[in-house]
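Engineer: following is a predicted model, sequence given first.
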Amino acid sequence: MENRDIQEVVIGAGLIVLLVFAVNPFGIFMPTQLTMMIVFAAAIVALLFASFIWREKSEDEREDYHRLLASRAGYLAGAAVLLIGMIVQAWRGYLDGWLALTLGVMVIAKLASHVYNNANR
């Protein structure tokens, strides 16, 4: 695995950890103010993760390149909507676990696909 792949996996794992803390699945930690700080930290880490996605280089033909760009835009738009939803809900005092779960699944799928494709070049 390349150094860049390791960086992406670490950042993606960090985002997943922050999402779990933000949702507080067992209700045993974090007051509301701390939850807000963790959601904002998750947003920052997600933006860092998005920078890795945006810097990907395509070595395919032109049509494939355009399809990849469209996929990236769709992924980033979906992640942005989920983050905005998390921020709004956290601001109101209730964070729906489905938003964090959806964002987490998106990140895991992206990382798994990326690592798999790099391993099978």
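Structural biologist: Nice, thanks for sending it over.

Engineer: could you pull out the helices for this structure?
Structural biologist: All helices of the chain, identified by DSSP state H, fall at 3-23, 32-54, 62-91, 97-119.

Engineer: any idea of the angle the last one forms with helix 3-23?
Structural biologist: What it means is helix 97-119. 170 degrees (axes from the mean of the first three to the mean of the last three C-alpha atoms, to 10 degrees).

Engineer: and what of the longest one?
Structural biologist: Taking the same axes, to 10 degrees, helix 62-91 and helix 3-23 form an angle of 30 degrees between their directions.

Engineer: in helix 62-91, what counts as buried?
Structural biologist: Neighbour counts over helix 62-91 (16 or more other C-beta atoms under 10 Å) mark 72, 75-76, 79, 82-83, 85-87, 89-90 as buried. In this view, the C-beta of every residue, glycine as well, is placed from N, C-alpha and C.

Engineer: as TSV, the helices of the chain with mean pLDDT would be great.
Structural biologist: Formatted as TSV, the helices of the chain follow (pLDDT from 0 to 100):
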stretch	mean pLDDT
helix 3-23	79
helix 32-54	79
helix 62-91	86
helix 97-119	89
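
Engineer: which of the buried residues of helix 62-91 sits closest to Ala112?
Structural biologist: Tyr75 (13.6 Å; C-beta to C-beta).

Engineer: how far away is that closest one from Met37?
Structural biologist: Per C-beta to C-beta, to the nearest Å, Tyr75 is found 26 Å from Met37.

Engineer: how deep is the closest residue to Gly14 other than its chain neighbours tucked in, by neighbour count?
Structural biologist: Closest residue to Gly14 apart from its sequence neighbours, by C-beta to C-beta, 6 or more residues apart in numbering: Val45 at 5.4 Å. Around Val45 there are 20 other residues, counting by other C-beta atoms under 10 Å.
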